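>>> Please work out how this folds:
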Amino acid sequence: MDHFLSLLEGTLQYQLDWVCFFFFLALACMAPRLGDRAFNSIERFGSRFALKKWLVIVSISIAAIVIRVAFLGIDRLPVPMIHDEFSYLLAGDTFAHGRLTNPTHPMWIFFETLHVLQHPTYASKYPPAQGAVLALGQLLGHPWIGVLLSTGVMCGAILWMLQGWLPARWALLGGILVLLRFAVFNDWVDGYWGGAVAAIGGALAVGALPRIWRTARPRYAWCMGIGAAILANSRPLEGFILFATVVAALFMWLWKRSGPARGRLIARTVLPMAAVLLVCAGWMGYYNWRVTGHALLFPYAAYERAYDPEPLLIWQPRHASLAYNNPQLASYYNVWAPAQFGGGWDDVREASWEKVQDLFNFYAGKELALCLLGLPWVLRDRRVRFLLVQFGVCAAGLFAVVWFWPHYAAPLAATIFALLVQGLRHVRRWRVRGWAVGIGFSRAVVLMSLGTIVGQALAAGPAPFSVNTTWARRDLVAAQLEAMPGQQLVIVRYGPQHDPSQEWVYNRADIDSAKIVWAREIPGVDIQPLLDYFHGRKVWLAQPDSTPVQLAPYAPPNSPAPPSAPTAGSGSATVAP
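So this is what the prediction gives:
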């Protein structure tokens with residue numbers, strides 16, 4: 001019933017969004033000057049306020065945090081649901097305990113899981129930037145606090161970037177649209193797998209470029225280097241492509257200078273940036289060495305080498321299948337993953353079209369679709385030519401990789417919004433037979449963005465990212481076990497039709513001291529050493545693929561059944577979906 005209600009709520013919200021879209025579009029066409037006096041007053045105030053650039057940046061950042069906190073009553077703290085999120089949370093927990101990685105656990109074979117290294121150390125496979133943000137949040141009380149703070153900083157950083165490329169009042173409008181798009185009811189602020197951190201790095205790197213062109217001040221070179229360092233530690237591949245376009249533009253600018261002037265400019269721009277990048281390279285080498293034992297072997301590459309035969313780029317062949325210690329990993333990498341992308345040209349076309357849809361829906365959607373009407377003029381606009389080229393190069397990079405989620409394009413977020421706002425600038429000038437339809441369209445964009453937030457709030461939260469009762473039930477099981485006295489060991493037994501992308505076995509950084517330890521039952525592997533190791537814990541059996549989940553005292557296979565289970569809190573429990 002809950003599943004049906006969630007689907008119904010999402011359908012109604014979807015239909016309401018379209019109704020609002022066509023309503024505001026019709027209003028903009030038929031009565032573009034409706035409410036002109038009020039809108040003019042707001043726009044004049046915004047234009048004056050936008051000139052106070054640093055105050056605007058701080059205000060947008062704080063507003064993003066305050067507004068999301070205000071919605072906690074209807075949009076509660078997010079529950080990790082995607083396996084990537086659990087891996088990032090492991091990194092955050094590790095860093096929060098003052099370590100870069102963890103020793104391999106003696107019982108590691110029972111904890112082996114998706115996106116987590118077990119050898120040579122126990123660590124997340126992902127770059128450390130998002131983990132550092134989650135660690136900060138954990139130290140402040142909850143990992144999500146780090147997500148919230150990074151979202152606020154992202155809104156301010158993108159606004160700073162827009163101020164470098166656009167007039168102040170249009171940059172402010174772009175910052176408001178970013179806030180409405182990402183700071184409320186969005187996967188980035190309502191999840192743990194990142195997006196905001198990489199967007200900060202991209203905004204700093206791209207926003208520094210026009211400032212260097214105009215003033216050549218070393219502080220902007222420092223900003224560019226810091227942005228590149230953040231990209232390298234959050235989205236290395238996509239960040240490298242984006243930063244390569246920035247460096248190419250910077251060196252083309254330097255090449256046009258001659259004589260002593262070029263040398264002074266290099267000293268004021270390239271050297272400070274290079275200093276930051278040198279420190280970043282040293283840090284990354286040290287981190288790699290601590291996690292994988294080799295300064296040049298990234299944790300991600302070590303994990304792919306050990307577990308993942310899938311190609312990274314669409315033209316690469318699939319590697320030979322690997323042997324795994326448990327059937328869930330084998331099913332995920334040998335059955336589920338190959339089924340997502342076959343490698344033929346039909347698969348490439350289908351995947352490419354899905355990427356286009358995902359990029360549009362996530363970064364623009366119906367609310368900002370009117371900005372794209374200005375695209376023909378943007379393509380001829382010399383003021384944003386570099387941003388167009390950058391978007392094209394980075395988009396080609398995104399289309400070249402097999403897997404895609406919208407946060408993969410996070411380094412490009414500031415560039416995307418700069419182009420959207422520039423498109424809206426051109427649209428605003430439109431007049432049709434004396435009707436200022438462009439003004440109506442520009443105001444409709446803001447009203448539709450606000451209307452989406454209001455609609456989601458009235459619906460008591462957004463439609464779910466994905467209807468996934470298995471992960472939701474894991475959270476219910478965990479909450480029930482947290483309320484019980486003593487330490488718990490949960491043995492997870494999957495059914496024969498288990499979806500391998502829905503994994504329950506994820507643990508804290510310090511497994512031995514964790515309140516709950518999650519381990520898997522592996523056919524053909526004696527589980528008694530695990531039970532002996534955790535002999536002081538209450539041992540439970542969880543079967544995620546049963547409905548409802550039965551949490552009962554654990555009996556090893558082929559052993560006598562335990563006595564009838566007592567009531568919840570001291571024995572068995574039933575967890576409804």
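
>>> what ranges do the strands span in the stretch 401-550 of the chain?
Remark: strands assigned in the stretch 401-550 of the chain by DSSP state E, counting those that start in this stretch are 488-492, 516-520, 538-542, 549-553.

>>> The first one packs against which elements?
Right, the one you point to is strand 488-492. Helices and strands touching strand 488-492, as assessed by 3 or more CB pairs under 8 Å, 6 or more residues apart in numbering; DSSP states H and E, comprise helix 469-482, strand 516-520, strand 538-542. Every C-beta, even on glycine, is put in place using the N, C-alpha and C of the backbone.

>>> residues touching the residue lying closest to L136 once chain neighbours are set aside, list them.
Nearest residue to L136, sequence neighbours excluded (CB to CB, 6 or more residues apart in numbering): G146, at 4.5 Å. Taking CB atoms under 8 Å, 6 or more residues apart in numbering, we find G146 in contact with G92, V133, L134, A135, L136, G137, Q138, L140.

>>> Out of those, the closest to L51 would be?
V133 (31.7 Å; CB to CB).

>>> now that closest one, nearest residue through space, not along the chain?
Using CB to CB, 6+ apart and skipping the chain neighbours, the partner closest in space to V133 is G146 (4.1 Å).

>>> One more: L398?
A409 (5.8 Å).

>>> buried set for stretch 532-546?
For stretch 532-546, burial by neighbour count (16 or more other CB atoms under 10 Å) applies to Y533, F534, R537, K538, V539, W540, L541, A542, Q543, P544.

>>> Go through those and name the one nearest G451.
For the buried residues of stretch 532-546, the nearest to G451 is P544 (38.8 Å; CB to CB).

>>> Now the phi/psi pair for the closest one, please.
phi -60, psi -30 (degrees, to the nearest 10).

>>> Now do the same contact list for it.
With contact taken as CB under 8 Å, 6+ apart, P544 is in contact with T470, R473, R474, V492, Y494, G495, H498, Q502, W504.

>>> With Y307 instead?
Y307 makes contacts with L322, Y324, L329, Y333, as judged by CB under 8 Å, 6+ apart.

>>> Could you do C29 as well?
Applying CB under 8 Å, 6+ apart, the residues contacting C29 are W435, V437, G440.

>>> Throw these into TSV and include pLDDT, thanks.
As requested, these are exported to TSV (pLDDT from 0 to 100):
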residue	pLDDT
W435	78
V437	85
G440	89
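
>>> Quick one, which of the strands of the stretch 401-550 of the chain gets closest to F399.
F399 sits nearest to strand 516-520 of all the strands of the stretch 401-550 of the chain, at 36.3 Å, using CB to CB.

>>> I would like the residues contacting that closest one, please.
With CB under 8 Å, 6+ apart as the test, strand 516-520 has contacts from 107, 110-113, 326, 328, 478, 481-482, 487-494, 504-507, 511, 530, 534, 537.

>>> Kindly give a single ChimeraX line that selects the buried subset of those.
The buried residues among the contacts of strand 516-520 can be selected in ChimeraX (16+ other CB under 10 Å) with this line:
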select :107,110,111,112,113,326,328,478,481,487,488,489,490,491,492,493,494,504,505,506,507,511,530,534,537
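
>>> Thought L179 was touching V189, still the case?
No: with contact defined as CB atoms under 8 Å, V189 does not reach L179; the gap is 10.4 Å.

>>> mind checking how far the nearest residue to H498 once chain neighbours are set aside is from Q328?
The shortest distance from H498 to any non-neighbouring residue, by CB to CB, 6+ apart, is to D545 (5.2 Å). Distance from D545 to Q328, counting by CB to CB, to the nearest Å: 11 Å.

>>> what about the closest residue to C280 other than its chain neighbours, helix or strand, and which?
Leaving aside its sequence neighbours, C280 sits nearest to A229 (CB to CB, 6+ apart; 3.9 Å). Secondary structure assignment for A229, by DSSP states H and E: helix 218-232.

>>> which residues sit in contact with the closest residue to Y192 other than its chain neighbours?
Leaving aside its chain neighbours, Y192 sits nearest to E85 (4.1 Å; criterion: CB to CB, 6+ apart). Shown in contact with E85 (CB under 8 Å, 6+ apart): G191, Y192, W193.

>>> Could you single out the nearest of those to G207?
Among the contacts of E85, W193 lies closest to G207 (CB to CB), at 24.6 Å.

>>> Spell out the residue ranges of the strands in this structure.
Counting by DSSP state E, the chain has strands at residues 102-103, 116-117, 121-124, 488-492, 516-520, 538-542, 549-553, 573-575.

>>> what about stretch 307-318, average pLDDT?
Stretch 307-318 shows a mean pLDDT of 86.

>>> List the buried residues for that stretch?
Of all the residues in stretch 307-318, those buried under the rule 16+ other CB under 10 Å are Y307, D308, P309, E310, P311, I314.

>>> is it true that the fourth one touches P338?
Yes: E310 lies in contact with P338 (CB under 8 Å); the separation is 7.2 Å.

>>> shared neighbours of these two, which are they?
Joint contacts of E310 and P338 (CB under 8 Å, 6+ apart) are R318.

>>> quick one: least confident helix or strand in this protein?
Ranked by mean pLDDT, DSSP states H and E, the helix or strand of the chain with the weakest confidence is strand 573-575, at a mean of 48.
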